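In: any chance you can model this:
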Amino acid sequence: MTNMARIGVVGLGNWGSALAKIWLDDGHNVSGWTIEHDVYKSLMEESTNHKYLPGHDLSGLHPTMEINDILEDCELIIMALPSSVIISVFDEMVEKLRPSHVIVDLAKGLAPENEDSELISEVLEKKLSIAGKSNSVVVMTGPTIAPEVARGVLTNALVACHDKSVAERISERLSTGTLVLTPAIDPIGAELWGAYKNTVALACGLVDGLRDSIGGDNLKAALVLAGYSEGIYLLEKMGADESTAFGPAGIGDLYVTATSPRSRNRSLGEKLASGMSLDSALSEMHMVAEGVRATKSFLDYSKKIDVPTPFLSALWSLLEGELEVEDAVRKMVESYRS
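Out: Residues are numbered from 1 along each chain as shown. As a prediction, this is how the structure comes out:
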């Protein structure tokens with residue numbers, strides 16, 4: 001292809017591997033970094049990520065366990081890591097970045113508590129500035145369940161950057177026949193919604209776990225309404241453009257994460273409602289469910305800016321073991337405000 005990009009995927013979990021596959025299929029040159037030896041071994045020997053994306057051929061991917069290989073060989077650096085570790089990995093990279101590198105942040109939401117800035121993308125930008133770098137940071141988010149993306153199900157997502165020309169260039173380079181990327185200039189809103197939707201998905205999973213008692217589509221719709229409306233109110237106070245709530249990063253991502261059987265956060269809620277403890281449910285999942293951390297982070301921040309969030313409060317009380325599932329669900333439904 002004439003517009004082949006040199007892409008480095010930092011983190012070969014479920015989502016990073018799915019993106020690597022479709023970009024490989026589109027003719028790009030793709031390298032991938034992992035810290036997990038079993039993932040590296042299966043990719044080297046069988047061109048498959050058996051742990052995170054089984055059944056998909058990743059022939060042509062250049063796997064590595066050396067982060068320098070990514071920085072030397074690639075121009076577009078895709079940060080496909082959980083929010084809990086992305087900043088520590090970026091610390092190892094920042095001094096070695098070239099001016100031509102563009103950072104695409106797939107981790108979303110509020111930064112770990114030991115960081116001064118609130119959003120992960122803001123922390124990355126701050127670290128770039130301290131290092132005397134001016135590389136662009138782009139936030140990518142939308143309704144993208146990884147196994148569906150890997151098998152070519154058509155969807156769209158947002159790529160957001162303060163510099164519109166960068167967002168437009170990245171959306172053009174990384175869009176494929178099945179992944180339609182739309183440029184936007186609200187990275188704050190895109191990142192906030194990309195994280196917040198996990199809280200609503202976790203709540204909707206509770207309904208699936210209650211299917212033999214009070215669970216049902218009416219209840220799930222009521223929880224989506226309550227959580228989504230609280231999100232619109234809170235995230236606008238945190239700096240999101242209101243319009244972002246109605247695009248791929250907002251209602252699009254929230255819908256698929258709250259309803260898909262493949263959604264990790266929805267699945268976690270289902271496990272909790274079926275009687276499992278939070279620790280037991282999390283231990284069963286080898287892929288990260290971000291909803292627990294997101295609930296705590298958004299709740300803490302809402303208290304800091306004095307914004308009432310009864311939906312998040314009820315969900316967190318459940319996660320802390322202070323409320324029974326049915327009581328928490330009722331409180332979340334009753335939290336809706338028009």
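
In: helices of the stretch 101-250 of the chain, start to end?
Out: 120-130, 146-150, 164-174, 187-209, 217-237 (DSSP state H, counting those that start in this stretch).

In: from the chain's centroid, how far away is the second one?
Out: When you say that, I think you mean helix 146-150. Chain-centre distance of helix 146-150: 14 Å, with Cα atoms, centre = their mean, to the nearest Å.

In: how about residues contacting that helix?
Out: Contact partners of helix 146-150, identified using Cβ atoms under 8 Å, 6 or more residues apart in numbering, comprise 14-15, 17-19, 21-22, 53, 56, 155, 178-179, 262. No exception for glycine: its C-beta is placed from N, CA and C like everyone else's.

In: cutoff 7 Å now
Out: The set of residues external to helix 146-150 that reach it, using Cβ atoms under 7 Å, 6 or more residues apart in numbering, is 14, 15, 18, 21, 22, 53, 56, 155, 179, 262.

In: just stretch 181-193 next, same as before
Out: Contacts to stretch 181-193, defined as Cβ under 7 Å, 6+ apart, come from residues 108-109, 119-121, 139, 141, 156-162, 164, 167-168, 171, 174-175, 235, 238-241, 244-245, 248-250, 253.

In: give me the buried positions along the lowest-mean-pLDDT helix or strand in the chain.
Out: For the chain, using mean pLDDT, DSSP states H and E, the weakest element among its helices and strands is helix 278-283, scoring a mean of 87. Using 16 or more other Cβ atoms under 10 Å as the test for burial, helix 278-283 gives residue 281.

In: elements contacting it?
Out: Counting by 3 or more Cβ pairs under 7 Å, 6 or more residues apart in numbering; DSSP states H and E, the packing neighbours recorded for helix 278-283 are helix 264-273.

In: and the helix it packs on with helix 217-237, angle?
Out: Here the directions of helix 264-273 and helix 217-237 differ by 130 degrees (axes from the mean of the first three to the mean of the last three Cα atoms, to 10 degrees).

In: may I have helix 264-273 as CSV, with CA atoms only?
Out: Extracted as CSV, the C-alpha positions of helix 264-273 are listed here (Å, rounded to 0.1, in the frame of the first residue of the first chain):
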residue,chain,number,x,y,z
ARG,A,264,-15.2,-7.3,30.7
ASN,A,265,-16.9,-4.7,33.0
ARG,A,266,-20.4,-6.0,32.2
SER,A,267,-19.1,-9.5,33.0
LEU,A,268,-17.6,-8.4,36.3
GLY,A,269,-21.0,-7.0,37.4
GLU,A,270,-22.7,-10.2,36.4
LYS,A,271,-20.3,-12.2,38.6
LEU,A,272,-20.9,-9.9,41.6
ALA,A,273,-24.7,-10.2,41.3
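
In: what's the mean pLDDT across it?
Out: Taken as a whole, helix 264-273 has a mean pLDDT of 93.

In: distance of the residue of the chain positioned farthest from its centre from residue 67?
Out: Counting by Cα atoms, centre = their mean, the extreme residue of the chain relative to its mean C-alpha position is residue 213, 31.4 Å from that point. Per Cβ to Cβ, to the nearest Å, residue 213 is found 49 Å from residue 67.

In: low-confidence bits of the stretch 51-200 of the chain, can you list those?
Out: Within the stretch 51-200 of the chain, the set of residues satisfying pLDDT under 70 comprises 113-117.

In: now do the strands in the stretch 51-200 of the chain.
Out: Using DSSP state E, counting those that start in this stretch, the strands assigned to the stretch 51-200 of the chain run over residues 62-64, 76-79, 102-105, 137-141, 155-160, 179-184.

In: and those strands: which comes nearest residue 320?
Out: Minimum separation from residue 320 across these (Cβ to Cβ) falls at strand 137-141, 27.7 Å.

In: what is that closest one packed up against?
Out: Taking 3+ Cβ pairs under 7 Å, 6+ apart as the contact definition, the neighbouring helices and strands of strand 137-141 are strand 102-105, helix 120-130, strand 155-160, helix 164-174, helix 187-209.

In: and the ones you listed, which is most packed in?
Out: Burial of the helices and strands packed on strand 137-141 is given as mean neighbour count (mean count of other Cβ atoms under 10 Å); helix 187-209 ranks first at a mean of 28.

In: relative to strand 155-160, how tilted is it?
Out: Using the same axes, to 10 degrees, helix 187-209 lies at 140 degrees relative to strand 155-160.
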